[in-house]
Each structure stands twice: as structure tokens, then as C-alpha cells.
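Engineer: What would the 3D arrangement of this be:
(one chain, ligands or ions: 1)
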Amino acid sequence: MILPSKTEGQVKWKSPSNIALVKYWGKYGRQFPKNASISFTLSNAYSITQINYTHDPARIKNLVVNFTFEGKSNKAFEDRIISFLLSIKDEFTFLSNIALNIDSENSFPHSSGIASSASAMSALALCLIDIKQKIEGKTLSKLEFTKITSHVSRLGSGSASRSIIPKLAIWGEHPSFKSSNEYAIQVDEFLHPIFDNFHDDILIISPNEKSVSSTAGHKLMDNNPYAEERYKQANERLVHLTESMKIGDIVSFGKIVEDEALTLHALMMCSDPSYILMEPNTLHVINLIRSFRQKTKLPIYFTLDAGPNLHLLYPDGIKKEVESFINKELKTFCHNGKIIKDQIGNGPEKLL
Ligand code: PMV
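Structural biologist: So this is what the prediction gives:
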């Protein structure tokens, strides 16, 4: 009898975080979004994941995982990764006969208030599909590789599907786009040159853990009285946003992006139970941004994730003015003056 052969090796991927401009909030089935969303892929906020693997169907009869975060064991992360891998085992049968030594690290400090699930889950998905190719001795086309890694990322964390895509990504079915619920697609055609090197400075208002997990947050939408109207609104805003981006109408872009951030938080506030994830300093900084904009007429806008930290979005051409505004007026409201300077980025990178 010929035994299936043993394959050993090492893979390593770097994958970025992303910031949604039209938000995904509400899901159904196996991580399908209730509305389409769009995001900028970031550059400096990323995860690096390395996996040493041994695939040996003759000797390894289940999935063996040893996980470390920045070289140290981390039970909470390990449990999440194991349950994710078990959840995709039927689709990816090589996971039934493999030992994985996984180490992951983030470019941004742990507990800086930056959610790492998009970068971490996409880095893991990239490693897994890379391993699958090596075991099967097949190389997927770039397009197929992007599709399947975005799909696997999505199963780990919905928004992670968008991190696979360079620059600008849409995830979720929508009549106006060739998009899908299964994976995200690249939509560079909407990037007017004003978005070249576009900035996202993340103002860390509080580094504390979120008081509601995104899984629980999505679930709250099931009973939110505004849910259906919201899904319609998100899909309409996606059309208006991409139209504005295409012609470089940054004022309309900024209005929609800010409306989206506040809608996301309004939905949480009127959920049952209700959550207020902004801090007093979040509101303070929002007011400062708005009055600075009114005074200077400079195109600087904010968005928020499901937490208190602000993302400042602005074109490269006004970076000097924004830097001085941040230093003079905003820094003092950030936790230990912490700001993570980021920019629109080119997507994941294979390191090994
Ligand atoms: O990917 P999840 O399940 O962590 O959900 C993320 C949801 C938001 O970050 C609030 C919005 C988004 O579209 O990224």
C-alpha cells in the first residue's frame, strides 16, 4: 500500500488591517453580510503570521495546533484559532492530518484599542491557503488565490475578507457592483488621484477592550427596529460614496463617511441592550475636527470602528496642516498622546 506522502515546511505572511467607509454591521448564515461594505486597506497596521507545518496523513490523525502570540502562549487567541480551523475542516480536508505551529505578531501594540481580527484572520487565511497549495503541489492563479483567501478570511472575521484586497475593497452583494457575499473584490476604478497616499491617522482615545464583541454586536442587529432601513441605507450610501470618490468630490465623500460612523454608533446605542462605545473625548475630538474644518475649509474627516478611537482621513496634500492641528489641539485628548499614523496600502505580502 502506498502511504500518502509527508509534507513539511514554513510559510509567513504579512496582512494589513482595513478601515470601513460604509460599515458592515449585521450578518446572517455563515458570516454573510446584511449589506455591502467598502474599505480602505491600510499599510502600517498589520499582522505577521508564520506557520511551521507537518502534513502527514499516515501518522497525524487530527488537527494539532500550537499557537503563540509574539513568542508567548496565549490561550484566548489559541482557542479562537482552533475553533475557526475546526469550523472550516470539512471544506479544507488537509486540516484533519496536520500539525501547525503558529506564531503571530501585530505592528500595533497589543491593547492599543486597534482591533486586530481583520489583519490577524487574513494573515492566517493566507498562510493556510499557501500551505494547501504546497501540500497539493498546485499553484493557483493570482485571482483565484485572492478569491479563496478572501473567502477563508471572511469565515474567520467578516471584515477580514477586505484586508486581502489592495487599496479599496467592496464585500457583499450589491446590484450596482460585481461584488459577492463570499469574498471581497478590488474596486480601484473609484480611486480619483486625490486618494493617492490618502491618510488615516488613528487617534487612540482609549486602549481598553471593547465592551461588546463584534459577534455580539452583529447579533444585536437581529432585533434592532431600524435594521431593515439601515441595510437599505448602507447600500444606497455605497453607490453615492463610490460616485463621489470617482470624481474626487471629497466633500461628499467626507459627509457620507462621517454619517456612516455615527450611524454605526447610533445603531449600538439603540440596540437592546444598548452600548455607548464612544468616550467623552471621542465627542470632544469630533467637535474639534468639525470646527477646524469649518474654519480652514480643509478636507479632513473622521470615521470610527466599533470603539472610541477616531480615524482621521485626509489627502496627502494637507498633511502639514493636519499634523500641526493634531499636535496643537487633538493629541492632548489621546491616551498617552498615542496616535498611529497610517495610509492607504497595497495589501498582503508573502514573507516566506
Ligand atoms: O469583522 P467583524 O465581525 O469584526 O465586524 C467588523 C465590523 C466593523 O468593524 C464595525 C465595521 C466594518 O465593516 O469593518
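Engineer: can we go C-alpha only for contacts and neighbour counts from here?
Structural biologist: Will do.
Engineer: Residue 341 - that's part of a strand, no?
Structural biologist: Yes - under DSSP: H, G, I helix; E, B strand; the rest coil, residue 341 sits within a strand.
Engineer: bridging residues for it?
Structural biologist: residue 201 (DSSP bridges).
Engineer: can you check residue 304 too?
Structural biologist: Going by DSSP bridges, residue 304 is paired in beta bridges with residue 310.
Engineer: again with the one 10 residues further on
Structural biologist: On DSSP bridges, the residues paired with residue 314 through beta bridges are residue 199.
Engineer: That one touches residue 289, doesn't it?
Structural biologist: No - under the criterion of Cα atoms under 8 Å, residue 314 makes no contact with residue 289, lying 11.5 Å away.
Engineer: which residues do these two both contact?
Structural biologist: 300, 301 (Cα atoms under 8 Å, 6 or more residues apart in numbering).
Engineer: Between these two, which is the more surrounded one?
Structural biologist: A count of neighbours by other Cα atoms under 10 Å puts residue 314 above the other of residue 314 and residue 289, at 24 against 20.
Engineer: Read off the pLDDT value for that one.
Structural biologist: pLDDT recorded at residue 314 is 99.
Engineer: For stretch 248-256, the averaged confidence score.
Structural biologist: Stretch 248-256 carries an average pLDDT of 98.
Engineer: quick one: it to chain centroid distance?
Structural biologist: Distance of stretch 248-256 from the chain centroid (Cα atoms, centre = their mean, to the nearest Å) equals 22 Å.
Engineer: cool, stretch 177-188 as well?
Structural biologist: On Cα atoms, centre = their mean, the centre of stretch 177-188 falls 15 Å from that of its chain.
Engineer: what's the straight distance from one end of it to the other?
Structural biologist: Terminal residues of stretch 177-188 are spaced 13 Å apart (Cα to Cα, to the nearest Å).
Engineer: how about that stretch: buried residues?
Structural biologist: Across stretch 177-188, burial judged by 16 or more other Cα atoms under 10 Å covers 179, 180, 181, 182, 183, 184, 185, 186, 187.
Engineer: now what about that stretch, what contacts it?
Structural biologist: Residues from elsewhere that reach stretch 177-188, judged by Cα under 8 Å, 6+ apart: 32-33, 36, 147-148, 150-151, 154, 161-162, 164-174.
Engineer: buried stuff in the top strand by length along the chain?
Structural biologist: Longest strand of the chain, by residue count under DSSP state E: strand 37-55. The neighbour-count check on strand 37-55 (16+ other Cα under 10 Å) flags 37-55 as buried.
Engineer: if we can go back for a sec, among the buried residues of stretch 177-188, pick out the one closest to the ligand, please.
Structural biologist: Nearest to the ligand among those, counting by Cα to the nearest ligand atom, is residue 184 at 11.8 Å.
Engineer: nearest spatial neighbour of the closest one, skipping sequence neighbours?
Structural biologist: With sequence-adjacent residues excluded and distances taken as Cα to Cα, 6 or more residues apart in numbering, residue 184 is closest to residue 171, at 4.2 Å.
Engineer: quick one: contacts for that neighbour?
Structural biologist: So residue 171 contacts 36, 37, 38, 161, 162, 179, 180, 181, 182, 183, 184, 185 (Cα under 8 Å, 6+ apart).
Engineer: Then residue 274?
Structural biologist: Contacts for residue 274 were tallied using Cα under 8 Å, 6+ apart; they are residue 268.
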